[in-house]
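Take this sequence and fold it.
(7 chains)
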Amino acid sequence: MELTFFDLLSALIVLVLGIIVAKVLIGIFKNGLQKTDLPELIVEFLSKFILALLYVAVLLATVSMLGSDISSVIVGLSAVIGLILGFGMQDTLTNIAAGIWIATLRPFDKGEFLVVNGFSGSVHEVGIMATELLTPDNKLITIPSKLVWGSPIVNATRMPTRRVDVDVGVSYDTKLEDALQVAIELMKENAMVLAEPAPAVVTTALADSSVNLQLRAWTNTEDYWGVKGALTNGILKAYKEEGIGIPFPQLDVHLEKE
Amino acid sequence: MELTFFDLLSALIVLVLGIIVAKVLIGIFKNGLQKTDLPELIVEFLSKFILALLYVAVLLATVSMLGSDISSVIVGLSAVIGLILGFGMQDTLTNIAAGIWIATLRPFDKGEFLVVNGFSGSVHEVGIMATELLTPDNKLITIPSKLVWGSPIVNATRMPTRRVDVDVGVSYDTKLEDALQVAIELMKENAMVLAEPAPAVVTTALADSSVNLQLRAWTNTEDYWGVKGALTNGILKAYKEEGIGIPFPQLDVHLEKE
Amino acid sequence: MELTFFDLLSALIVLVLGIIVAKVLIGIFKNGLQKTDLPELIVEFLSKFILALLYVAVLLATVSMLGSDISSVIVGLSAVIGLILGFGMQDTLTNIAAGIWIATLRPFDKGEFLVVNGFSGSVHEVGIMATELLTPDNKLITIPSKLVWGSPIVNATRMPTRRVDVDVGVSYDTKLEDALQVAIELMKENAMVLAEPAPAVVTTALADSSVNLQLRAWTNTEDYWGVKGALTNGILKAYKEEGIGIPFPQLDVHLEKE
Amino acid sequence: MELTFFDLLSALIVLVLGIIVAKVLIGIFKNGLQKTDLPELIVEFLSKFILALLYVAVLLATVSMLGSDISSVIVGLSAVIGLILGFGMQDTLTNIAAGIWIATLRPFDKGEFLVVNGFSGSVHEVGIMATELLTPDNKLITIPSKLVWGSPIVNATRMPTRRVDVDVGVSYDTKLEDALQVAIELMKENAMVLAEPAPAVVTTALADSSVNLQLRAWTNTEDYWGVKGALTNGILKAYKEEGIGIPFPQLDVHLEKE
Amino acid sequence: MELTFFDLLSALIVLVLGIIVAKVLIGIFKNGLQKTDLPELIVEFLSKFILALLYVAVLLATVSMLGSDISSVIVGLSAVIGLILGFGMQDTLTNIAAGIWIATLRPFDKGEFLVVNGFSGSVHEVGIMATELLTPDNKLITIPSKLVWGSPIVNATRMPTRRVDVDVGVSYDTKLEDALQVAIELMKENAMVLAEPAPAVVTTALADSSVNLQLRAWTNTEDYWGVKGALTNGILKAYKEEGIGIPFPQLDVHLEKE
Amino acid sequence: MELTFFDLLSALIVLVLGIIVAKVLIGIFKNGLQKTDLPELIVEFLSKFILALLYVAVLLATVSMLGSDISSVIVGLSAVIGLILGFGMQDTLTNIAAGIWIATLRPFDKGEFLVVNGFSGSVHEVGIMATELLTPDNKLITIPSKLVWGSPIVNATRMPTRRVDVDVGVSYDTKLEDALQVAIELMKENAMVLAEPAPAVVTTALADSSVNLQLRAWTNTEDYWGVKGALTNGILKAYKEEGIGIPFPQLDVHLEKE
Amino acid sequence: MELTFFDLLSALIVLVLGIIVAKVLIGIFKNGLQKTDLPELIVEFLSKFILALLYVAVLLATVSMLGSDISSVIVGLSAVIGLILGFGMQDTLTNIAAGIWIATLRPFDKGEFLVVNGFSGSVHEVGIMATELLTPDNKLITIPSKLVWGSPIVNATRMPTRRVDVDVGVSYDTKLEDALQVAIELMKENAMVLAEPAPAVVTTALADSSVNLQLRAWTNTEDYWGVKGALTNGILKAYKEEGIGIPFPQLDVHLEKE
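Down below sits the predicted model:
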C-alpha cells in the first residue's frame, strides 16, 4: 500500500467534488419536493436520508482512490441496506403491487357500490396506494390497496340486473298458499320488476314464531332500492288488507299458581 | 488504473448507445402497454420504473468500460433488488401459484356453486389471479386466488346427488312414531326424491320447547332447491292436517302474587 | 479484453445454437403439457416463463464466450430468482411437505369420518396437495394439505368402539334415582350397546330449569348412529311412560299489579 | 505473513487514534442526545451500543494494518448486523413508511373526525411515527402509523355535506303513510336540513315488534350533530302529538292454566 | 480455455459414471422406501426429486472437468435451494423441534388427560411430529407438535390430588349459614374427600336469581370423577331434604292492564 | 501447503493462548453476571454459550495459522450465526426498538391512567423492555414494549380537562324538556363542573323501553371520578324527586287464553 | 489438477481417520444422552442427525486434500444449513430469549398468582423454555416462554395490598344513602380491611333492574380471599336485616287481553 502523491491528490479531489455534487443534487431534490404539497417535515426527513446515503458513497469512492479494495464493504453495505429497505418498504411495495392488479383486473370501477373489508360504499377514487369509498351517509373511507386486494371484493352494481330479497314472517295460522299468492301478485304488479326471471316466494324457515318467507324479484340494478322500498311497504299493506298476520314473538305459557 | 484514450472513447460510446437503446426499448414497451386497456397511471408508473433500471445498467456498463471491477456492485445491487422485488411481489407470486394449482386440481369449474372464505355463489370466472363468484342475488364477488386456495373450498354441486335436510320441531305431546311416519310418507310421495338411499327422519335433539326432527331426502343435485321447497311447505301442511303441533317457545311460569 | 475473431465467432455460434435449443426444448415441454388436461391459459403462462429463463441463460453463455467474467451476475441473478421462487412457492412447498407427512403418518384413511378446520365429512380422496371430504349431505370439500396438517385432526371412526352420548334434562321434582334407573335399563336392553365398558348416566349440571343428565353407552363404531337414534327416541318414550318430566324453561314470576 | 516493524507501528497508531476518535465521537453524540429530553436510560443505552460498533471498526482496521485480509470478516459481520438491524428495525421502518404515506396521501388532516382501528376521535396531531386522536370525552389516543395505515380509515368530516340517519320504530297498527308524512314534514321544517338531496324516510325492516323506519336528512357537515339531536327529539314529540305509537317489545302469550 | 483431448475424455467419463452412480443410488433409495408402508405416490415423488438433484450435481461435475469455474454457480444454486428448502421445510422443522422439546420437558405422558388447543382427551401416543389424544367418547385427535407446543398445555392428571368444584345456586330466602352447613357436612361424609386441605364452600356471586355457591372438596386425582358425581347428586338430594330451594330464574312483573 | 516448523509452533501458541484468554474472559464475564441478581441457571447458560463461541474463534485462528484460507468458513459461519441470532433476537430487538420509541414519544408518563391491549391501569414503571401498569384494585400488569407500541394507547389523564358522561334512561311518558332541564340544573349546581364548555344533555337513542339520555359535563381531569359519582347519584335522586321515571324493561303482552 | 500419489494417500488417511473420529465422537455423545432421561427415540434421532453432519465435514476435508477448491461449497452449504437451522430453531430461540428476559425482569416469582394467556394459576416452576402454573383446582399448565412473554402478564399477588371489589345491586326503591351507609359500616367493622385507603362504595351503573353498587375495601394481599368471602356474605346478611332489597330482574308488562 504505497501511496503516491498523485493518489492522495486524486482522493482529495474526489472527496471535495463528491461533497459538492451531493449538496447540489440534494438541493435540486429538495426544491422539487417543496413544490409538491408534501409537509415540510417529510421533505426534511427524506432529504437528510438521501444526503447521508450520498456521503457514504463519496466516502467509499475516496477510500477506493487511495487504493483500498472496498468490494467487500460494498457487498456488506448492500446486504444491510437491502434488508432494511426490504423490510421497511415491504408494505409500500405490497400496496403498489395490489394497486396495479386492481387497476389491471378492475374488480370495481369509479361509482360502483362495494362491500370490502367489512366496509361498504360507492367507489370515490381508485389509486395505486389506496381506494376511497363514500358511504351512503357521506363518510370518506380510505382503504390501503393491500387490504382491498387481500380480501374478497363484493361488487353490488357490476351486473346489469339484481335480485331484490324482502323477508317477511307470516303466522302459522295463515293458509300458506294465500300468503304466497298475494306476494307473487304484488311483485308482478310492480312495473320495475322484470318478468324474466319470474318473481318467486320461498319458505326460508319454519321459525319459532312465524313461517319465514322471502320475496325474490329481479330488477334492473339501478331500480334496486326503488323496488326494495316498494315491495317492503307493499307487502305490509297487502297482508294487512288480506288479513294475513305478521306475528309478534309467540310464547306458550303453562301457568302454575302458588 | 491507467485510462487510455481508447477506453474513454469506448466508455462514451457505450453510454450514448445505452441511453439511446434504453429510450427505444421503453418506447416500444410503452406503446405495447397503451394498446391494452391499462389506465394511463399504471403505464407511466411501470415505464418509469423500468427506464430507471435500464439507466442503472447502462451506467454500470460505462463504468466497467473504464476498467473498474463492478462485480461487487452487481452482487450488492442484486441482493437489494432481489429483496425488494421478493417482498413486493410476494403476494402476486402467491396468487399466481395458487391460481395454477386451482386450474390444475380443479376443485371447482365454471357454473358450480361454492362456499369459500365465508362467501357463497356460483363460479362466474376462473382466472389465474382471482376467481369471480356470482351470488344468488347477482352481486359479483372477486376473490384473489391465494384466499381461495388458502381456505377449505366447499363445492355444493360437484356430486351428482345431494341430500336435502329440512328441520322441523314437534311438540313433546306428539306421538313420535306418527310424526316420523308422516314425514317419511311425504318424502316418498315426492317424485324428485330418490328411492335409494332411502329418505329418513332423525331426532336431532330433545330441545327446550320441542323435539327437533330432521327430514333427510336424497335427490339429484339439479332438483335440490325444488325438493327443499316442496318438503318445507309439505311438512308444514302435512303436520297441520294430521294435527301434529309445531310448538311455539314454551315457558312454565310459577306465579307468586304479592 | 482483446477479442479475437474466433471469440466473436464462437459467441455467435453459442447464441444461435442456444436460441434453437431453447425453442426446441420449449416446444417439447409445451407438447407434453398440452397432452395433460391443463387449461391452455396455464400452458401458455408456464411455457413463456421457462422460455424467458432459457433466453437469459443463453445470453449469459454468449457474453461469457466474449471473455467477460459473469460469475457475479450469476450469483446476483440466483439471489433474485431464489428469493422470488422461494416466496412464490412457499405455499406450494408447505402444501407438499404437509401432504407427505399426512401420507406418512396416516392420521386418516379414505372413508374415515373427520372433523378438521371446522369442517366435517368422510375422506373422499387423500392427495399430496389437498384432501377431499364429502359432507353427509354430499357437498365436496377440498382442503389444501397445509390447512389439514396445520390444525388438530379429529378422526371419529379410527377406533373400533365409540361412546354414544345423549343429553336429556329432567325436572327438579323427579326422584333422581328413578330417572337414572330408567336410563340404564334402556341402554342395557339395546342389543348394539356393549356390556363392557358398562353404560352409565351422569349428572352434568344443576341447570336453571332442569337437572341435566347424560346417557353414555359404548358401541361398535359402525353402530354409532343407530344407537344414537335409538337411545334418543327411546329415552323420550321411556320417560313419558314412567311419568318422568322433561321440563320446559321455568320462570318464577312475582306479580305486582298496579 | 512477515510483519515489518513499520506494520506494527502503524497498527498501533491506528488502534490508539481509533480509540481516541471513537471516544470523542461518542462524547459529541452523547452531549447532543442529552440536550434533547430523552430519558438518561435511553441516552446511555444508545451511546454504549454505538461505542461498541466503533470499537469493532477500530479493531478491524488495526488487524487490517497487520496485513490480514479482513474482507470475509466484513461481509460476515455485515450479514449478521444487517439481519439483526433488519429484524429489530422492521417495525420502526414500517411505521416511518406508513407515516410518510399518510402525510403524502392525507386521508385525514388535523381536526377531522376519524374512526380507525376501532377507535374514534378528532385528529390532534399527525406525526411520522404515530397519529394522536382526541376522543369526544378528551382521552388522548396514540396510534402507531403502521396501525393507522394498516386498516381502513373512516373520515367522517372530510366531505362538505353529511346525511343524518335517525332510526325509529312504529307500531304495526300505524297507517304507514301518516308516519312517513310526519317524518318528512319534520325534516323539511328544520332550517339546517338541505333541500337537495331531499330528505327521505325508508322502511328498513319489518321487525319483530315494530316497523322500523329511518329518517335520512342531508345537512352541512358542521350542522351534523345539531340536526341529529333536533330530529331525534323532534320525531319523538311529533309522533306523540300525532298519536303514532313507538311500540315496546311485543309478545303473544298463549296461556294454559294447570 | 484450451481443452485437451484428455479433458474431454475425463469429462465424458465423469458424466457416464455419474449417471450410472445416480441411477444405482436412486434404485437403492427407492427399494428402501418401498419396504416401508409409504404410499407409492410419495415414493415416486421423492425418488424423482432426489434423482433430479443428483443429475444437476453430475452435470456440474462434468462442466467442471472441462475447466470452467463453477463456484459462482454452486453458490447461486445453494442460495436458491436453501431458500426453497428452508421455506418448504419450515413447518416440518418447527414440528420436529417442538416434538423434541415435548419429549424432553415432558409436560405430559401417555395416559394423562390434557386440554390443549381447545381439544381435550387422554394422551394416546407422543410422537416427534404429532401427539395423539383420545377423547372420552373415543375419537382420535392428531395434533401436530408445533400446535401442541405453541399453546398452553393443561394437564389435568399430573398432580396427585385435585380439587372438585360443584356449582349450585340457592334462593335468596335461604338462611345462608344452613346452606353452607349442609354442603360442608355432605363433603365431610364422603370417604373419598380428603380431610386436608379441608372442604370448603364459597359464595361466588350474588346473582340475578340466586346466591351462587361453590363446593370445593380435595380428592385423589383418580377419585375425581367419582367425587364430582357423588357431590352433584348428593347436594341436590341434601338440599331437597333440608328444604333449601334451588331457584328457577326469577322475574318481578309489574302488571298494567289496558 | 508446506508447513514449516515455525507455522506449527505459532499455531500451537495461538491455540494455547486462545484457550487461556477465553477462560479468563469467561471467568470475568461470569463474575460480573453473578453480582447481578440473575438466577444461576441463566448465568450458566449464557457463560457456556459465549465460551463455545470463543472456542470456535480460537480454533479458526489456529487453523488459519497453519496456512489454510478460512475466509469461506467465516462467511458461512456468519450467515448461520446471523440467521440464528436474527431469528432468536427478533422479539428482543422489537421490544427494545418499541421501548426506545415509547421513551422518545412519551405517549404516557409514570402515574397516568392507560387503556392498552385491553388492560387498564395507572403506569407504575416505564422500562425499555416492558411497561408496568397497576390496576385500580392493585394487580401488577407487565406488558412487553412491542405489545404496548403495537396497539392504540388510550391515555385517560393526559389532557387537563375531561368530559364526564353519565347514561340514564327515562320513560316514554316523560315530558322530555323537563328531564333535560333537571339534568342541566344538576350539572350546573355541581361546583366541580366547568362552566365552559357548558354541560349538555343529548338523546342518544329511542330505545326499546326508554328514551336514553346522556349527561355530558366538563371537569378538571383530577375531579373526574368525583363528578362521575356525584352526577350518577344526583340524577337518580333528582329524577325521583321530580317524579321522572327511570323505567324497567317494558313488554306489551297480547294474552290469548286457551 | 495433477494429483500426486502423496495427495491421494493423505486424502485416504483424512477420510479413514475422519470416519473413525466421527464414530467415536457420536458414541460419546450418545452415551451422554442416554444417561439423561430423554426417550430413546430422541437420542437416536439426534445422534443420526449429527453423524450425518460429521460425515459431510469429513467428505469435504477429503475432497479438499485432493486439491479442489471447496470454498464455494462451504459457503453454499452454510447458507442452506443456516436457513434450515434458522427456520427450524426459530421457535426454540424465541422461547429461550423470552425465558431469559422473564428470569431477568422477574414479572413473577414462584408462588405468585398470575393471569396470562387467558389462564390463571399460581407459579409452580419458572424455566427457560416454559413456565408452569397450578390452577386453584390443581391442574398443571405448561406455557412456553414465548407465549408468556408475548402477552400482558397480570400478577395478582405482587403488591403488598389489594383492593377487594364486591358487586351488589339494590332496588330503585331503596334510599341510596342507607344502602351506602350499611355497606361502609360493614367494611369498617371487618378487622382485615385496612383503614387507609378508606373503604368506599360507588354507584357503577343505573342498570335495567337495579342500582348497581360496588364495595371497595383495601386489605393485605394475603387476606384477599378472606375479605372477599366475608364481605359477600356480610352484605347479603346486612341488607336483609336492614330491609334493603336486592332485586330480581324487573319487567313492566302492559297486558292486552284478546
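
relative orientation of the longest helix anywhere in chain A and helix F:71-105 in degrees?
When chain A is parsed with DSSP state H, its longest helix is helix A:71-105. Between helix A:71-105 and helix F:71-105, the angle formed by their directions is 60 degrees, by axes from the mean of the first three to the mean of the last three Cα atoms, to 10 degrees.

Tell me which residues are up against whichever helix or strand comes after helix A:71-105.
Per DSSP states H and E, the first helix or strand lying C-terminal to helix A:71-105 is strand A:113-116. Under the criterion Cβ atoms under 8 Å, 6 or more residues apart in numbering or on different chains, residues A:108, A:120-123, A:133, A:143, A:147-148, A:151-157 lie in contact with strand A:113-116. Where C-beta positions appear, they are placed from N, C-alpha and C, glycine not excepted.

same for the longest helix of chain A, what does it pack against?
Contact here means 3 or more Cβ pairs under 8 Å, 6 or more residues apart in numbering or on different chains; DSSP states H and E; on that basis helix A:71-105 packs against helix A:40-65, strand A:130-134, helix A:145-148, helix B:40-65, helix B:71-105, helix D:71-105.

Now these in a markdown table, please, with extra columns for mean pLDDT and mean neighbour count.
Output for the helices and strands packed on helix A:71-105, formatted as a markdown table (pLDDT from 0 to 100; neighbours: other Cβ atoms under 10 Å in any protein chain shown):
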| stretch | mean pLDDT | mean neighbour count |
| --- | --- | --- |
| helix A:40-65 | 81 | 15 |
| strand A:130-134 | 96 | 23 |
| helix A:145-148 | 95 | 22 |
| helix B:40-65 | 81 | 15 |
| helix B:71-105 | 80 | 21 |
| helix D:71-105 | 80 | 21 |
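
With distance to A:E112 as extra columns, can I get the ones you listed in JSON lines?
Converted to JSON lines, the helices and strands packed on helix A:71-105 look like this (distance: least, Cβ to Cβ, whole Å):
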{"stretch": "helix A:40-65", "distance to A:E112": "33"}
{"stretch": "strand A:130-134", "distance to A:E112": "10"}
{"stretch": "helix A:145-148", "distance to A:E112": "13"}
{"stretch": "helix B:40-65", "distance to A:E112": "18"}
{"stretch": "helix B:71-105", "distance to A:E112": "22"}
{"stretch": "helix D:71-105", "distance to A:E112": "21"}
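
Please pick the buried ones from the contacts of strand A:113-116.
A:108, A:121-123, A:133, A:143, A:147-148, A:151-157 (16 or more other Cβ atoms under 10 Å in any protein chain shown).

Out of the residues you listed, which is nearest to chain D?
Distance to chain D across the buried ones among the contacts of strand A:113-116 (Cβ to the nearest Cβ) is lowest for A:I143, with 4.5 Å.

so that closest one sits right up against A:V126, yeah?
No - counting by Cβ atoms under 8 Å, A:I143 sits too far from A:V126 to count as a contact (10.8 Å).

pLDDT below threshold where in chain A?
For chain A, applying pLDDT under 70 flags the ranges A:1-3, A:67-72, A:76, A:79, A:258.

Nearest to chain F: which residue in it?
At 6.7 Å from chain F, A:F248 is the closest residue in chain A, using Cβ to the nearest Cβ.

does that residue count as helix, strand or coil?
coil (DSSP: H, G, I helix; E, B strand; the rest coil).

show me the contacts for it.
The contact partners of A:F248, by Cβ under 8 Å, 6+ apart, come to A:209, D:208-209, D:250-252, F:254.

re the thing from before, report the angle between the longest helix of chain A and strand B:130-134.
Using the same axes, to 10 degrees: helix A:71-105 against strand B:130-134 is 20 degrees.

So A:D252 lies in a strand, does it not?
Yes - counting by three-state DSSP, A:D252 is part of a strand.

how near is it to E:V182?
According to Cβ to Cβ, to the nearest Å, A:D252 and E:V182 sit 36 Å apart.

next one: A:A191
Distance of A:A191 to E:V182, computed by Cβ to Cβ: 75 Å.

A:V21 too?
94 Å.

my read: A:R162 touches B:N138, true?
Yes - the criterion here is Cβ under 8 Å, and A:R162 meets it with B:N138 at 4.9 Å.

The two - which one has more neighbours?
A count of neighbours by other Cβ atoms under 10 Å in any protein chain shown puts A:R162 above the other of A:R162 and B:N138, at 25 against 18.

what's across from the more buried one in the sheet?
A:T219 (DSSP bridges).

ok now do it, which residues does it touch?
A:156, A:218-221, A:224, B:137-139.

what's the distance between it and A:N190?
Distance, A:R162 to A:N190, by Cβ to Cβ: 14 Å.

any idea which of the contacts of A:F248 is the one closest to chain C?
Looking across the contacts of A:F248 and measuring by Cβ to the nearest Cβ, the closest to chain C is D:L251, at 13.0 Å.

Any figure for the gap between that closest one and A:P249?
Using Cβ to Cβ, D:L251 is found at 5 Å from A:P249.

Also A:L213?
For A:L213 relative to A:P249 (Cβ to Cβ), the value is 17 Å.

Which one's more surrounded, the two?
Comparing A:L213 with A:P249 by other Cβ under 10 Å, the one with more neighbours is A:L213, at 22 against 16.

what residues does the helix or strand hosting that one touch?
According to DSSP H and E, A:L213 maps onto strand A:211-220. Strand A:211-220 is contacted by residues A:160-172, A:174, A:176, A:179-180, A:183, A:186-187, A:190, A:192-194, A:196-197, A:199-206, A:227, A:231, A:235, B:137, B:236 when judged by Cβ under 8 Å, 6+ apart.
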